[in-house]
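J.: Below: sequence and its predicted model.
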Amino acid sequence: MMRLENDLAIRREARDILAADVALGVGDGWHRLVGKALVQIQDATDGKVNVRQVKERQGLLSIFTDVMIRAVVENVMQRVVDICNDASEASALICEMCGCSGRLISADRLRVRCHACEADEPERERVWREHKSDIREAAAYYLQVCLEHGRLFPVKNIVMRVCTADRDNRLFLDEVHDRLVWWGAGSWIEGVDEALREDFRRLDFGQ
């Protein structure tokens, strides 16, 4: 679950190659890896490629671009391939969720986690299962407040506490962030008019 502020920071830095409707579909622990790689790709190509996907694949960070169909010289093409491969290799040692040292775990699916975040996996599923309607409602309310005020606020300042346990509440907020960044990239949230998406994309955190 990418935090909203990190999603926006990456988009700001890589705006020449990352369209608003391309989701950064990885956990927040990889946001520095993603941001660094996309800026390097943008610099190497003078912004003349497009990022098509950023996601976890077989447990590792995968960045896909359209460099192979662009009219770029071979050494630039190879540089982009190298950047994507380096980011993928680095992700094998970084927990996707928190950014601490991690390892590739083969369980029900491949993933890179630290010990603490791996322990959170079943709890994350439980929080989503038990509170999915509250999570969707919280995301919709957050969007409403931000659009009314014309700026973004820290999610935890707007979303009321629903879970009594600290860990559950942290995981709840993670899920709200996830809905918000996916909505910004083109997904949907029940009860939210999709015509408001462009207005939301123009918002930023107040100083």
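T.: Ah, there it is.
J.: residues near residue 166, how many?
T.: A total of 9 residues lie near residue 166 under the criterion other Cβ atoms under 10 Å. Glycine gets a C-beta too; all of them are placed from N, C-alpha and C.
J.: For this structure, which residues score under the pLDDT cut-off?
T.: Low-confidence segments of the chain, defined by pLDDT under 70, span residues 207.
J.: And the longest helix along it, what does it pack against?
T.: With DSSP state H setting the assignment, residue counts place helix 115-149 as the longest helix in the chain. Other elements packing on helix 115-149 under the criterion 3 or more Cβ pairs under 8 Å, 6 or more residues apart in numbering; DSSP states H and E are strand 110-113, helix 155-158, helix 166-184, helix 197-201.
J.: Can you pull out the residues in contact with the second one?
T.: The reference is to helix 155-158. Residues lying outside helix 155-158 but in contact with it, judged by Cβ atoms under 8 Å, 6 or more residues apart in numbering, are 3, 4, 141, 142, 145, 146, 173, 176, 177, 180.
J.: Reformat those into TSV and put distance to residue 56 and neighbour count next to each item.
T.: As requested, these are arranged in TSV below (distance: Cβ to Cβ, whole Å; neighbours: other Cβ atoms under 10 Å):
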residue	distance to residue 56	neighbour count
3	16	19
4	19	23
141	29	16
142	25	23
145	31	15
146	28	20
173	21	22
176	20	25
177	16	23
180	19	26
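J.: picking up where we left off before, now the angle from the longest helix of the chain to helix 166-184?
T.: 50 degrees (axes from the mean of the first three to the mean of the last three Cα atoms, to 10 degrees).
J.: List the buried residues for helix 115-149?
T.: For helix 115-149, burial by neighbour count (16 or more other Cβ atoms under 10 Å) applies to 117-118, 120-121, 124, 127, 131, 134-143, 146-147.
J.: Over to stretch 87-104?
T.: In stretch 87-104, counting by 16+ other Cβ under 10 Å, buried: 87, 88, 90, 91, 94, 95, 96, 97, 98, 99, 102.
J.: Quote the end-to-end distance of it.
T.: Stretch 87-104 has an end-to-end distance of 15 Å (Cα to Cα, to the nearest Å).
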